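J.: model the structure of this input:
(one chain, ligands or ions: 1)
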Amino acid sequence: MGNKVSFDYSKTAGFISAHEVAYMKETVEQAKTKLVSKKGEGSDFLGWINLPVEYDREEFSKIQKAAEKIRSDSEVLVVIGIGGSYLGARAAIEFLRHGFYNNISREQRKTPEIYFAGNNISSTYLKGLIDVIGGRDFSVNVISKSGTTTEPAIAFRVFKEMLENRYGRKEAAKRIYATTDKARGALKSLASEEEYETFVVPDDVGGRFSVLTAVGLLPIAVSGADLEKLMEGAAYGRENALNLPFEENDALLYAAVRNILLRKGKSVELLANYEPSVHYVSEWWKQLYGESEGKDWKGLMPASVDLTTDLHSMGQFIQDGSRIMFETVLNVETPRENLVIREEPSDLDGLNYLAGKTVDFINKSAMNGTALAHTDGSVPNLRVNIPEQNEFCLGQLFYFFEFACGVSGYILGVNPFDQPGVESYKSNMFALLGKPGYEETHDRLTKRL
Ligand SMILES: O=P(O)(O)OC[C@H]1O[C@H](O)[C@H](O)[C@@H](O)[C@@H]1O
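T.: Numbers count the residues shown, from 1 in each chain. Below you'll find the model as predicted:
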């Protein structure tokens, strides 16, 4: 199939022998069985495995309708959320839509501008966004599975007040869409009280695996992307991950290869892209792998670079610094746009040797040259080939990484579906803020500052 996302580790020959991958087969298949039989640690959070084929059709059409309403009555949509309630939607919108989505004209874009908030605690950022919205009509999609996360809750207070001041409480409520747990959490109570339209984050889908639920789908739909194709792509990724034999199963091979490299002493996986619009796929991937595997003092550290940009900043280190990493390149095979370099009569810039070549040909030459250089510098290079930046490929890509992540976590021997470490900063922050119930820690921590 010409639109299959695929994994290629053929360039790792100097670092991994064929028999090493074959030797991993049993371990990987055991991990896969543990995952799909739902008998492993964290098995209450495996709803994402069948989501592409079993998703709630009613919720899906409710999402499409809400998106239509937002498109018709809003110039701007503010999407409030953090972590798994933020990164998937942003990754998808940047990957699928115009590279300067918010800057092109409404006629060209046909959909509202989309901004993200609640993913930091910066008042400068909040005020900046308030200025950007100005007097224009806007709506808010507030997303929090737990309904209790501080960052989005703060941003929501600010934009809720702005909406209420502009439209009155009742009309404001019609512009607020809340995506949260079906029963629990402060956001759910608030939404019920104020009669916001709500969307459900299923109990058995953890935040970082929730991009194909309403969490990701509502903002993605507002941006004008095709949700059906996205789900079809994910379903195709699922078919491949569940059914292909080990030797042809890209998700399993990726899980195998990264664990082989970890066991050989690599401690960092660097996800590299050559398209700025893929940047947030890397951010999404970092949360997926970082929260799933980084525990019990184990795991590969997920990091990312945008190339060729970062070859001029991080390039030296990757080529020649501590040999702690391997690199996984996200390769968009056919770019959305492709400009041709023209011939110039004087050739003062010395670029005429490229006349008639496309910019993407130059980009791919940079990518191939870099892969060889990094390989020569002892950085094993893996590649994930993405035929095109469309919904079908993105659905596959999301599923490929999710499935590989579950399998990889079990190979590593951790529970890939919890994130206990995230709580430490939160309880310190609450204590320092003087949240009721944290009095004793407050005194202890204040002395240490
Ligand atoms: O959706 P929420 O409950 O607001 O959570 C948002 C994010 O923050 C938490 O601290 C978790 O570590 C993440 O896994 C989660 O995606």
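J.: what pLDDT is listed against E440?
T.: The model reports E440 with a pLDDT of 89.
J.: just say helix, strand or coil for it.
T.: E440 falls in the helix class when you classify it by DSSP: H, G, I helix; E, B strand; the rest coil.
J.: now E193
T.: Taking three-state DSSP, the label given to E193 is helix.
J.: can you report how many residues lie near E59?
T.: E59: 15 surrounding residues under other Cβ atoms under 10 Å. In short, each C-beta sits where N, CA and C put it, glycine included.
J.: what of G168?
T.: 10.
J.: dump the residue contacts of the closest residue to the ligand within the stretch 151-300 of the chain.
T.: Closest residue of the stretch 151-300 of the chain to the ligand, Cβ to the nearest ligand atom: G207 (2.8 Å). Neighbour list for G207: 83-85, 145, 201, 215 [criterion: Cβ atoms under 8 Å, 6 or more residues apart in numbering].
J.: out of the residues you listed, which sit inside helices?
T.: V215 (DSSP state H).
J.: tell me the two of the contacts of G207 that are most distant?
T.: Based on Cβ to Cβ, the longest span within these runs between G83 and V201 and measures 12.3 Å.
J.: which one's more surrounded, these two?
T.: V201 (25 against 21).
J.: mind pulling up the pLDDT for that one?
T.: pLDDT, read off for V201, is 97.
J.: check contacts around it.
T.: Contacts of V201 (Cβ under 8 Å, 6+ apart): 85, 143, 145, 179-182, 207, 210, 213-215.
J.: spatially nearest residue to it (excluding sequence neighbours)?
T.: K145 (4.3 Å; Cβ to Cβ, 6 or more residues apart in numbering).
J.: V53 now?
T.: V53 sits nearest to A235 (Cβ to Cβ, 6+ apart), 5.4 Å away.
J.: near L230, how many other residues are there?
T.: L230: 27 neighbours (other Cβ under 10 Å).
J.: isn't it right up against L212?
T.: Yes: L230 is in contact with L212 according to Cβ atoms under 8 Å; the separation is 7.3 Å.
J.: for the stretch 301-449 of the chain, which residues are neighbours of the ligand?
T.: 419, 422 (Cβ under 6 Å from any ligand atom).
J.: quick one: low-confidence parts of the stretch 301-449 of the chain?
T.: Of all residues in the stretch 301-449 of the chain, none has pLDDT under 70.
J.: now with 90?
T.: Applying pLDDT under 90 to the stretch 301-449 of the chain flags the ranges 423, 440.
J.: and the residue of it closest to the ligand?
T.: For the stretch 301-449 of the chain, Cβ to the nearest ligand atom, closest residue to the ligand: V422, 3.7 Å.
J.: give me the nearest residue to that residue, chain neighbours excluded.
T.: Nearest one to V422, counting by Cβ to Cβ, 6+ apart, is E291 at 7.1 Å.
J.: is there a neighbour count for the one you found? I'd like the number.
T.: With other Cβ under 10 Å as criterion, E291 counts 23.
J.: that one contacts Q419, correct?
T.: Yes: the pair E291 / Q419 is scored as a contact, 4.5 Å apart, by Cβ under 8 Å.
J.: next up, the contacts around the residue most central in space within the chain.
T.: By Cα atoms, centre = their mean, the chain has its centre lying nearest to W284, at 2.2 Å. Each residue near W284 by Cβ under 8 Å, 6+ apart is listed here: 87-88, 90-91, 211.
J.: now the element after the helix or strand harbouring it, going C-ward?
T.: Element membership of W284, judged by DSSP states H and E, is helix 279-293. Using DSSP H and E, the next helix or strand after helix 279-293 towards the C-terminus is strand 301-306.
J.: neighbouring strands for that next one, and are they parallel or not?
T.: strand 268-273 (parallel) (DSSP bridges).
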